[in-house]
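**Q** any chance you can model this:
(one chain, ligands or ions: 1)
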Amino acid sequence: MEVTPGLYMFRGSGNHYVVKEEKSVMVDVGGRRNIGRLSYMLGRIGCSLEDIKELVVTHYHFDHAGCLNALKSATDAVVSVGKSDALFIAGDKEPEPPKGVTALGKLQLRLPRILTFYQKYPGADPDRYLSEGDVIDCLGGLEVIDTPGHTPGHISLLSREKSLMFIGDALFHFFHRLSMPFKDYTTDHEQARESVKKLAEYEFEIACFGHGPPILEGASKKIGYFIESL
Ligand SMILES: [Zn+2]
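**A** Below is the predicted model of the structure:
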């Protein structure tokens, strides 16, 4: 799906995005076995893996960063991640379990590791450690906004020129409804709410989510209404 001219969304275990420009950029890359599919999807929009010059992930979860290692080898692209998620993405540190998990989440934490193996992926060494105010060179300048909570180093990305925000998993958008991300996969739910309030302070028409279809009009207003309703 072409979200806006030159910006493509691919669906998989989560959504991933390709900004097709002279130096193409990918935002979130999907699971560790995603490379064949990505290569195919890139071909369909007249791109190849070699065209990708920067790989940006919104946070360390396997459905967003799992394929980084394979993609870094295949593309030689710069890997850019939120500073506080970098150690998890490199595979140098185990993430903390989420605070305030539900009964189901507690059960999952007790499961043998083999059953949560799908969440593991080969680590990739980041090249850029992103934090508030850094800029990715695409879509007229993509500003990094720290939105911690879902993970400690979760980031969102704003293109003022295109009036567009990559939300990551700061919010989900299923069945035309916004919702907070699942508690069992959210490190700090209170902090995650504060981050959504912060997102609503910006003005943007288009919102691209890690899960669910984009909002193409009035996105920041809708997020503002949502956060007031909580
Ligand atoms: Zn996530």
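**Q** how much space between V19 and L142?
**A** Going from V19 to L142 by C-beta to C-beta, to the nearest Å gives 8 Å. C-beta here means a position set from N, CA and C on the backbone, and glycine is covered the same way.
**Q** and for the two, which residues touch both?
**A** Common contacts of V19 and L142 (C-beta atoms under 8 Å, 6 or more residues apart in numbering): V25.
**Q** which parts of stretch 166-174 are buried?
**A** Of the residues in stretch 166-174, 166-173 count as buried by neighbour count, 16 or more other C-beta atoms under 10 Å.
**Q** try stretch 190-198
**A** Going by 16+ other C-beta under 10 Å, stretch 190-198 has these buried residues: 191-193, 195-196, 198.
**Q** cool, stretch 216-230 as well?
**A** 219-220, 222-224, 226-227.
**Q** where in the chain is pLDDT low?
**A** Counting by pLDDT under 70, the chain contains low-confidence ranges at 100-118.
**Q** sketch out the helices for it, chain order is fine.
**A** All helices of the chain, identified by DSSP state H, fall at 35-44, 62-65, 68-75, 86-90, 103-110, 189-200, 219-229.
**Q** just send those helices back as TSV, with distance to H211 too.
**A** What follows is the helices of the chain, written out as TSV (distance: least, C-beta to C-beta, whole Å):
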stretch	distance to H211
helix 35-44	17
helix 62-65	8
helix 68-75	19
helix 86-90	19
helix 103-110	18
helix 189-200	14
helix 219-229	15
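**Q** of all those, which lies closest to the ion?
**A** helix 62-65 (6.1 Å; C-beta to the ion).
**Q** restrict that closest one to CA atoms and write it as CSV.
**A** C-alpha atoms of helix 62-65 as CSV (Å, rounded to 0.1, in the frame of the first residue of the first chain):
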residue,chain,number,x,y,z
PHE,A,62,11.0,-9.1,17.5
ASP,A,63,8.3,-8.2,15.0
HIS,A,64,9.9,-4.8,14.4
ALA,A,65,13.7,-5.5,14.7
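**Q** what about that helix, near the ion?
**A** No. If you take C-beta under 5 Å from the ion as the test, helix 62-65 misses the ion, and the best it gets is 6.1 Å.
**Q** what lies in contact with that helix?
**A** 12-14, 16, 28-32, 57-59, 81, 89, 118-121, 124, 168-169, 210.
**Q** from those, which ones fall inside strands?
**A** Under the assignment DSSP state E, the contacts of helix 62-65 contribute 16, 57, 81, 168 to strands.
**Q** what is the last one paired to in the beta sheet?
**A** In this case it means G168. When assigned by DSSP bridges, G168 has beta-bridge partners F209.
**Q** which residues does it contact?
**A** Each residue near G168 by C-beta under 8 Å, 6+ apart is listed here: 28, 58-59, 64, 147, 150, 154-156, 209-210.
**Q** tell me how far it lies from L158.
**A** For G168 relative to L158 (C-beta to C-beta), the value is 12 Å.
**Q** cool, the second one as well?
**A** For V57, the distance to L158 under the criterion C-beta to C-beta works out to 16 Å.
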